[in-house]
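J.: everything below, folded, please.
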Amino acid sequence: MSKVYILGGAQTDFERNWKKEGKNMVALLKEAVTDGLANADITFDDIKELNKDNRVACFVGNFIAEKYTEQGHLGAFMTEVNAAFYGVPSARYEAACASSSVAIDAAQTKIKSGDYDVAIVVGWELMKTVDSKTGGDFLGRAAFYEKEGKDIDFPFPKLFGKLADETLKKYPIEEKRYMDALASISAINYSNGKRNPMAQTRKWFMSYEQASTRGTETNPLVGGKLAVSDCSQVTDGAAVVVLASEKFMKERGIKEKPVIKGYGHRVAPMLFEKKMADNAASAFILPWTRQAVVDAYKRSGLTVDDMDVFETHDCFTSSEYAAISSFGLTEPSREYEAVESGLISFDGKKPINPSGGLIGCGHPVGASGARMFLDLYKQVTGTAGRYQIHGVRNAMMLNIGGSATTNYVFVVGVDR
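T.: Numbering: from 1, shown residues only. Down below sits the predicted model:
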């Protein structure tokens, strides 16, 4: 099977509120795609030339623009970005918060099969078009809406609050130790976000002391034991990555670009309660998440020892906690060791979310998979700036949709 190379990409500034700027989805797409192509050294004229022989396609990841922006048929909107996209195959891919990971997977598959030589992947979401309660209801569609979202205020904080409760039930860990570990995860992600010039929270304040003091005026509870400090952000934004075939690399004389070394994709039961029943025979609280990681290691021929950095789906601190053992950084039930020892901190041996993650960088739902993937690219190419981890050769990401229903894992590394 042929290799899939990553040429580059870009993300928008996740601090921005596009509605307040008077800008719509077309403005968002124009900016993100133009910047992404420039970073990848691809011009609109290149796209026109490639399209003459049907060698380029677009893959758009978005969760629920039909609600947030009253618009569907999103793949076709690439033609609004530039006339170079007239005639270029383009379609929208959806899997809740893993929507742009599905788009990446579809893109890499088309390149591996030889159908296309260049794939432009765009993930985006505009979420600040409605109030927070309405937005929370929209996001409830990522769960089993009739049973887990309808007529429930902010269903996802409650679902991931239940994950915290179930973790405490499944493993012999003292509640204070677990909750303190979650507070540390929050503090790490906020601290990392301050290094990232595109992070939504780079000007915000969050300390371990505030994160560990829940149920206060400055850190109110939002779902079970979880507080505001445990939550990812409501974010507007887009991320673009450009993938290419070996043939294209040889034609252009491009060398030493990162490659996709492995991937994993598994789907767990839709209902959260069925997920918890399903894990009874497993040591892992989220066994299908773990299996997606195992699949990615197997396909890449690498192990956790080979990974230098991780980006994970910290929609809530409880999801990042579960990811620690899923990655293989600790045995299940001992995730707190990776937090307390500093293993996953920015200066640790296995840093998680140097970008700030969803908590620190932001979580425009349909863009998060592509944003994480882009950050893997930055880390292995040494272009992450102030949040660069030294000497990265291989990096792994975990992107989940719903209550860890859709699980996507990618391994990106240098091809040498």
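
J.: burial of the closest residue to Asp375 other than its chain neighbours, as a residue count?
T.: For Asp375, ignoring the flanking residues on the chain, the nearest one in space by C-beta to C-beta, 6 or more residues apart in numbering is Ser355 at 4.6 Å. From N, CA and C alone the C-beta is placed, and that goes for glycine too. Neighbour count for Ser355, taken as other C-beta atoms under 10 Å: 28.

J.: let's verify Ser355: helix, strand, or coil?
T.: The three-state assignment at Ser355 reads coil, by DSSP: H, G, I helix; E, B strand; the rest coil.

J.: mind checking pLDDT for it?
T.: pLDDT, Ser355: 98.

J.: correct me, but it touches Ala199?
T.: Yes: contact criterion C-beta atoms under 8 Å: Ser355 and Ala199 qualify, at 7.1 Å.

J.: which neighbours do those two have in common?
T.: Gly193, Cys361 (C-beta atoms under 8 Å, 6 or more residues apart in numbering).

J.: all strands for the stretch 151-300 of the chain, in order.
T.: Along the stretch 151-300 of the chain, counting by DSSP state E, counting those that start in this stretch, strands occupy 221-223, 226-227, 237-245, 259-267.

J.: partner strands of the third one, with direction?
T.: When you say that, I think you mean strand 237-245. strand 4-11 (antiparallel), strand 118-125 (antiparallel) (DSSP bridges).

J.: and if you look at the second one?
T.: For strand 226-227, sheet partners with direction are given as strand 221-223 (antiparallel), following DSSP bridges.

J.: what comes up buried for the strand it pairs with?
T.: By neighbour count on 16 or more other C-beta atoms under 10 Å, the buried set for strand 221-223 is Val222, Gly223.

J.: and for stretch 387-396?
T.: Tyr387, Gln388, Ile389, Val392, Asn394, Ala395, Met396.

J.: and for stretch 129-147?
T.: For stretch 129-147, by 16+ other C-beta under 10 Å, it's Thr129, Val130, Gly135, Gly136, Asp137, Phe138, Leu139, Gly140, Arg141, Ala142, Ala143, Phe144.

J.: who's sitting farthest from the centroid in this structure?
T.: Ranked by distance from the centre of the chain (C-alpha atoms, centre = their mean), the top residue is Lys52, with 33.2 Å.

J.: where does the chain dip in pLDDT?
T.: Across the chain, the ranges flagged by pLDDT under 70 are 1, 416.

J.: what's the longest helix in it?
T.: helix 175-193 (DSSP state H).

J.: buried residues in it?
T.: Quick answer for helix 175-193 (16+ other C-beta under 10 Å): 178-193.

J.: for stretch 284-304, same thing?
T.: Buried residues in stretch 284-304 (16+ other C-beta under 10 Å): 284-293, 295-297, 299-300, 302.

J.: what's the nearest residue to Asn219 once chain neighbours are set aside in contact with, if anything?
T.: Nearest non-adjacent residue to Asn219, counting by C-beta to C-beta, 6+ apart: Ala227, 4.7 Å away. Under the criterion of C-beta under 8 Å, 6+ apart, the neighbours of Ala227 are Ala211, Arg214, Gly215, Asn219, Pro220, Leu221.

J.: what's around the fifth one, how many residues?
T.: What it means is Pro220. So Pro220, with other C-beta under 10 Å, has 11 neighbours.
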